[in-house]
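quick one: sequence plus predicted model below, questions after.
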Amino acid sequence: MTAYRPRRSALFLPASNAKAIDKARMLDADVVILDLEDAVAPEFKEEARIAAVAAVREGGFGRRELVIRANGIDTPWGREDLAAIAGAGPDAVLVPKIASPEDILQYNALISEAPVKSKLWVMIETCAAVARLDAIAACAGSTRLSALVMGTNDLAKEMRARLRPGRAPFLPILSLTVAAARAHGLIVLDGVCNEFRDSSVLQAEAEQGLEWGFDGKSLIHPDQIGVTNAVFTPSADELAWAGAVVAAFGLPENAGKGAIRVEGKMAELLHLDQARRILAVAEAIG
Ligand code: COA
Ligand code: MG
């Protein structure tokens, strides 16, 4: 198993907002995403690019993973963004509105000069991408692709669906995206919750994302970090169960068994794998 890295909370911020960048260096988000795309108005695109590159160079983000979201290559800024980001070498480049595996190959080629550690993350936010999830995720085998990030706002716009508490129109897409990511060993992050003043909406949405199998949730406001980190941190009950499963499988009388009884329920070797993962996640969060 590769070392687990927590990605419970991934905070977006407009790279044009210097104050927000400064603040992000101290916030408890596991991932910081400096946005050059939707959060930045056209007249500030160049300034945002310069600021994002400078932020990577200056560092100071500690354990936080640092990601820059570029504009699409079908815009006037995309290619220059990618060249600048590749030169700066953040942990990942996040690209918007991909529609096909060919798009991934093209973006991958455009960041070929980036250091090896810089991964390619992609937004799943077009209707075209929804129909090609497995082929898109399979690009992980031949490119730097390492994460899928749900873009529920753009998806709602394209589908003409309503993004409301419960997210019913999106549930099949969310779970198919998680399945595609898991099939190809990718990280998968849930979309943002626009209602940053109402923590009960966020709480429910984060719990839904956890239940659906996401590694974490993308966020738009610092106030959303605490709730999200708590939801995606293994609970005391989960840790107790995981510890009991590992201990039970370690007993001499259970040696060589595939299925045993733990706390009155069946536990199989697959549950032992799950238990070990929960313990590894908790240890990485620390
Ligand atoms: N990251 C870091 N700091 C942030 C932040 C973020 N995403 N959002 C707000 N802040 C900071 C503000 O700069 C402000 O700092 P200050 O008190 O030092 O001035 C403080 O937090 C409080 O901000 P607040 O007044 O509550 O929010 P707002 O009304 O100014 O802004 C948003 C609300 C939604 C516009 C803003 O949070 C934002 O731009 N979020 C990110 C949007 C984005 O990146 N979208 C793209 C992905 S969907
Ligand atoms: Mg968008």
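Received the coordinates, thanks. Ligands and ions are numbered 1, 2, ... in the order given.

how about the helices in the stretch 51-200 of the chain?
78-88, 101-110, 127-130, 133-137, 152-159, 171-183, 199-212 (DSSP state H, counting those that start in this stretch).

of all these, which one comes closest to ligand 2?
helix 152-159 (4.0 Å; Cβ to the ion). All C-beta atoms are positioned from the backbone trio N, CA, C, and that covers glycine.

where's the nearest residue to Pro101 once chain neighbours are set aside relative to ligand 1, distance?
In space, and not counting its chain neighbours, Pro101 is closest to Ala135: 4.7 Å by Cβ to Cβ, 6 or more residues apart in numbering. Look at Ala135 and ligand 1: by Cβ to the nearest ligand atom, to the nearest Å, they are 25 Å apart.

before we move on, back to that, could you dump the helices of the stretch 51-200 of the chain into JSON lines with mean pLDDT added?
Converted to JSON lines, these look like this (pLDDT from 0 to 100):
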{"stretch": "helix 78-88", "mean pLDDT": "98"}
{"stretch": "helix 101-110", "mean pLDDT": "98"}
{"stretch": "helix 127-130", "mean pLDDT": "98"}
{"stretch": "helix 133-137", "mean pLDDT": "98"}
{"stretch": "helix 152-159", "mean pLDDT": "98"}
{"stretch": "helix 171-183", "mean pLDDT": "98"}
{"stretch": "helix 199-212", "mean pLDDT": "97"}
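
dump those into JSON lines; add mean neighbour count as well.
Converted to JSON lines, the helices of the stretch 51-200 of the chain look like this (neighbours: other Cβ atoms under 10 Å):
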{"stretch": "helix 78-88", "mean neighbour count": "19"}
{"stretch": "helix 101-110", "mean neighbour count": "18"}
{"stretch": "helix 127-130", "mean neighbour count": "18"}
{"stretch": "helix 133-137", "mean neighbour count": "20"}
{"stretch": "helix 152-159", "mean neighbour count": "18"}
{"stretch": "helix 171-183", "mean neighbour count": "18"}
{"stretch": "helix 199-212", "mean neighbour count": "18"}
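
reformat those helices as CSV; add distance to Asp237.
CSV is the format used below for the helices of the stretch 51-200 of the chain (distance: least, Cβ to Cβ, whole Å):
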stretch, distance to Asp237
helix 78-88, 41
helix 101-110, 39
helix 127-130, 35
helix 133-137, 32
helix 152-159, 29
helix 171-183, 23
helix 199-212, 14
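
let me have these in a markdown table, extended by distance to ligand 2.
A markdown table is the format used below for the helices of the stretch 51-200 of the chain (distance: least, Cβ to the ion, whole Å):
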| stretch | distance to ligand 2 |
| --- | --- |
| helix 78-88 | 14 |
| helix 101-110 | 15 |
| helix 127-130 | 13 |
| helix 133-137 | 17 |
| helix 152-159 | 4 |
| helix 171-183 | 15 |
| helix 199-212 | 17 |
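
so for Leu270, which of the ones you listed sits nearest?
helix 171-183 (13.9 Å; Cβ to Cβ).

chain center to the closest one: distance?
How far helix 171-183 lies from its chain's middle: 13 Å, per Cα atoms, centre = their mean, to the nearest Å.

which residues touch that helix?
Identification of contacts with helix 171-183 by Cβ atoms under 8 Å, 6 or more residues apart in numbering yields 124, 130, 133-134, 136-138, 147-148, 150, 155, 167, 186-188, 190, 209, 212-214.

also stretch 245-259?
With Cβ under 8 Å, 6+ apart, stretch 245-259 has contacts from Ile260, Val262, Met266, Ala267, Glu268, Leu269, His271, Leu272, Gln274, Ala275, Arg276, Leu279.

cool, thanks, signing off.
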